[in-house]
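> Got a predicted model here, sequence first, then my questions.
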Amino acid sequence: MRKRSPHRASVAIAAAAIAVAVLGTGISPALAQDNGVLDALEGPNPALDSPRAALVPKGDRLLAGIDSAKVTLPTSSTDPVSLTSATGKTLTITLPFTEASSQRSQIGGGLVGYDNRNGSTTVPIARKDGFLQITTVIANQDAPSRYEYKFDLAGGATVEAAEQGAIVRDATGAYVAAVAVPWAVDAAGKNVATRYAIEDGALVQYVNHDELTAYPVVADPSICGNIFSQITTTSEQGQPRYGLYASACGTSIKTGLAFGGGLAAIAIGQQTMINAGWSEAVGIQPALTSKTSLRQQYDCHTIYAAAKNPWNLEKYRPNNAGWPSAPSECNWS
């Protein structure tokens, strides 16, 4: 077992207080003691590398605030996990093997899981950076290699492949969430081959573990929604200057890393930012529509300054009659 860092030890101590409160909400006894789920998550994989949000009881559910979004975990795996964005849209995700009807159980470290009763356990992790990381711990060779996730939204939702990742859209085709490139790591720290497929409208993660695999294996899809974490307004030359701060989700989208990197993934990220990103930004700050130059500066940043954060858009800058030809810089005079 990997030795806990001082940070993880402090998290575990804080989580113990949460667990006391959670026990009063009908959570089953600790699962980690039975099948080593927590040890697996603390092994040589990235599952717990990002800071996690505390799970707070509310009725029979657990809530966590992540960036400007919210995650809700149900009592039973027969009910979906939900991700509510800053805009109020609630995306539900049906967990694998709902027919197992597993009750939510403590696994320690402030985490809960759902025993799939087939050699695998589902552990949703609410990350502070805005990602909902739905982790699977695969205990042995007899466990399945196929893990299915169904997405739904008021009015309907669809999921489509986006290079190595995926995008969830509403009934109109508008962006709702991104699903980052999958990963899977065995107990020896070796990558295990994994991929997504879209089957009958669901996202399926295949994890190719076999007799040569060091168990347990930890794998996940990570889902995120909000592209911007905040938009600030300051002043430059007597007019508004807007600072668009990308969330971790937005950064992974605009750089193409959410979809696997490479030119095709970058193109998907740019298109998502030009359409969904602009729509979200205008929803947060409607004044962005007050001058053509602001939209031109925004589009320019999606193409030529994806890695920059924040994107600064200044209203005093003139409309660019030559756009979209490549300027020397996106904040032109």
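Alright, I've got the coordinates.

> where exactly do the strands run in the stretch 201-333 of the chain?
202-207, 217-220, 222-224, 228-236, 239-246, 311-314 (DSSP state E, counting those that start in this stretch).

> For the last one, which strands pair with it and how are they oriented?
Each strand paired with strand 311-314, and its direction, by DSSP bridges: strand 239-246 (antiparallel).

> Put the alpha carbons of the strand it pairs with into PDB.
Written as PDB, here are the backbone C-alpha positions of strand 239-246 (Å, rounded to 0.1, in the frame of the first residue of the first chain):
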ATOM      1  CA  GLN A 239     -14.200  51.400 -20.700                       C
ATOM      2  CA  PRO A 240     -15.000  47.900 -19.400                       C
ATOM      3  CA  ARG A 241     -12.300  45.200 -19.400                       C
ATOM      4  CA  TYR A 242     -13.700  41.700 -19.100                       C
ATOM      5  CA  GLY A 243     -11.500  38.900 -17.600                       C
ATOM      6  CA  LEU A 244     -12.800  35.400 -18.600                       C
ATOM      7  CA  TYR A 245     -11.400  32.800 -16.300                       C
ATOM      8  CA  ALA A 246     -11.600  29.300 -17.600                       C
END
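
> picking up where we left off before, any idea which of the strands of the stretch 201-333 of the chain gets closest to Phe131?
Checking those against Phe131 by C-beta to C-beta gives strand 222-224 as the closest, at 4.7 Å. C-beta: built from backbone N, CA, C; applies to glycine.

> for that closest one, packing partners?
Here strand 222-224 touches strand 132-138, strand 175-179, helix 248-254, going by 3 or more C-beta pairs under 8 Å, 6 or more residues apart in numbering; DSSP states H and E.

> OK, contacts around Ser68?
85-86, 130, 226, 229-230, 247 (C-beta atoms under 8 Å, 6 or more residues apart in numbering).

> Ranking by neighbours, what's the top pick from the residues you listed?
Highest neighbour count within the contacts of Ser68: Gly130, with 29 neighbours (other C-beta atoms under 10 Å).

> Do you know the pLDDT at it?
With respect to pLDDT, Gly130 has a value of 94.

> Disregarding flanking residues, what is the spatial nearest neighbour of Ser76?
Closest residue to Ser76 apart from its sequence neighbours, by C-beta to C-beta, 6 or more residues apart in numbering: Gln103 at 5.7 Å.

> Let me have the strands of the stretch 201-333 of the chain in a markdown table, adding distance to Phe97 as columns.
Shown next, in a markdown table, are the strands of the stretch 201-333 of the chain (distance: least, C-beta to C-beta, whole Å):
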| stretch | distance to Phe97 |
| --- | --- |
| strand 202-207 | 12 |
| strand 217-220 | 14 |
| strand 222-224 | 18 |
| strand 228-236 | 34 |
| strand 239-246 | 35 |
| strand 311-314 | 42 |
